Structure formats: structure tokens, C-alpha cells
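Participant: 3D, please:
(2 chains)
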Amino acid sequence: QKEVEQNSGPLSVPEGAIASLNCTYSDRGSQSFFWYRQYSGKSPELIMFIYSNGDKEDGRFTAQLNKASQYVSLLIRDSQPSDSATYLCAVSNTGKLIFGQGTTLQVKP
Amino acid sequence: SAVISQKPSRDICQRGTSLTIQCQVDSQVTMMFWYRQQPGQSLTLIATANQGSEATYESGFVIDKFPISRPNLTFSTLTVSNMSPEDSSIYLCSVELIEAFFGQGTRLTVV
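Facilitator: The predicted model follows:
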């Protein structure tokens, strides 16, 4: 079992819709959870981080964490074509990050 | 937040040679991390660089192939030794802060 799992996609949504990206992890001791966005040929860019169960909202982005289910998700409201990228889920216990394989999101105009 | 400067940003190297990548942070940090992203893949942690001690390598990575230096709390280098085409990847450094930031990465092509 991979430590951090994501559906590779591609996930295709129409412009203006809500995109839902999901991630599960195996290490129950994980304490910090991150979502990165990566455009092709670019370095990962941090979008959100979350530590506590529940929801955390920042603009159009909402991160949701459920430690009991070992599940973290990212919702993108009012999706834009510029949101088209690969979204990487990362989990940390001791400072080092373990990444999922990433989900490719395509937002169609 | 932290500003991480990494260089070179890209390089094309001959097989059998070595390349040293530098990572500079604008604040003192305890741990620095080096990751590799192979084409079409996600990021994999190579090693954790601690100031004043040897780096800690992840499974599948060895010091002879990826020697790391950490002379102070703001700087680290990663060397990719005796390169082969399989080493063609993006190499990224990161630091442990509340928010984990990455440098811009080094895109390495081995021919």
C-alpha cells in the first residue's frame, strides 16, 4: 500500500464548477497535510496546509481533513481554466514530506 | 515564509560527470530536504540535511551517489555523482517551516 494515494485522473470539470480532489494516507501519526499545485515544467506551489480535523478555507480553496478516516481533500470552487494543473497531496510527520502521485485537473472553458 | 534560491536552474550534463546543486535560504532553518521528481512522476525525498551532522538518506538513495553538504543553517548542496540518463530529473530543495516551501528546482538532463 502506498503511503499517500491519489487518483491520477485526469479529472475534468467545466469552468465554474467545483473540483474535488481526494487523498488518503496510511501513517496515522501524520500531523501536517499540504496541497501543492504544479504547472508543467514548474516547481510545486503551496496552495493550502491543514493540521486539524475539519475544513479550512482560503478564497476559492477549501481543504478538508478527517484524521479518523485518514483522508484529506481539496475543493476548488468556481474552477477556472488557469486551475488546470497537477495537484499534489503531501503528508508530514517529522518535517519531511511524503507525496502522492498527483491528480491532473482539467478545467474546460 | 521563506525565500529559497536554488542554482543552477537547469543543466545538461554528460554521463559519468557530477553536478552540484546549491540551495540558499533567507532564514536559518534546522532541516533542509532534497527531493527528486523524475519525468511524469511525483516528488520523492532523497535525504534530510541537518547542520552539523551527516545527512539522513531515504531507502534507495546512498551517500556515494548523492553526497550532501550542510555547512550552516542557511545553505546546503546536493551532488549527483557519476550521472547516467536515469538521473535526468528535477531536483528540489525544501525547508521545514510551518509551511513547507520549495526552491525553483534544478532541471537536470544527462546525455
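
Participant: CA atoms for contacts and neighbours, from now on please.
Facilitator: OK.

Participant: mind listing what the closest residue in space to B:Ala2 that isn't next to it in sequence touches?
Facilitator: Spatial nearest neighbour of B:Ala2, chain neighbours left out: B:Asp26 (6.3 Å); criterion: CA to CA, 6 or more residues apart in numbering or on different chains. For B:Asp26, the contacting residues are B:Ala2, B:Val3, B:Ile4, B:Thr74, taking CA atoms under 8 Å, 6 or more residues apart in numbering or on different chains as the criterion.

Participant: pretty sure the second one sits against B:Val25.
Facilitator: In this case it means B:Val3. Yes. Counting by CA atoms under 8 Å, B:Val3 sits close enough to B:Val25 to count as a contact (5.9 Å).

Participant: and the residue of chain B found nearest chain A, how many neighbours?
Facilitator: Ranking the residues of chain B by distance to chain A (CA to the nearest CA) places B:Ser42 first, at 4.9 Å. Applying other CA atoms under 10 Å in any protein chain shown, we find 17 residues neighbouring B:Ser42.

Participant: pretty sure A:Gly54 is touching A:Ser69, no?
Facilitator: No. Applying CA under 8 Å as the test, A:Gly54 and A:Ser69 come out as separate, 12.0 Å apart.

Participant: contacts for the helix or strand encompassing B:Arg107, please.
Facilitator: For B:Arg107, the enclosing helix or strand under DSSP states H and E is strand B:106-110. If you take CA under 8 Å, 6+ apart as the criterion, strand B:106-110 is touched by B:6-15, B:21, B:83-92.

Participant: swap the cut-off to 6 Å and go again
Facilitator: Identification of contacts with strand B:106-110 by CA atoms under 6 Å, 6 or more residues apart in numbering or on different chains yields B:8-15, B:85, B:88-91.

Participant: and if you look at stretch A:25-33?
Facilitator: By CA under 6 Å, 6+ apart, the list of residues contacting stretch A:25-33 reads A:Glu3, A:Val4, A:Phe49, A:Ile50, A:Tyr51, A:Gln70, A:Ala90, A:Val91, A:Ser92, A:Asn93.

Participant: ends of that stretch, how far apart?
Facilitator: The stretch stretch A:25-33 measures 10 Å between its terminal residues, going by CA to CA, to the nearest Å.
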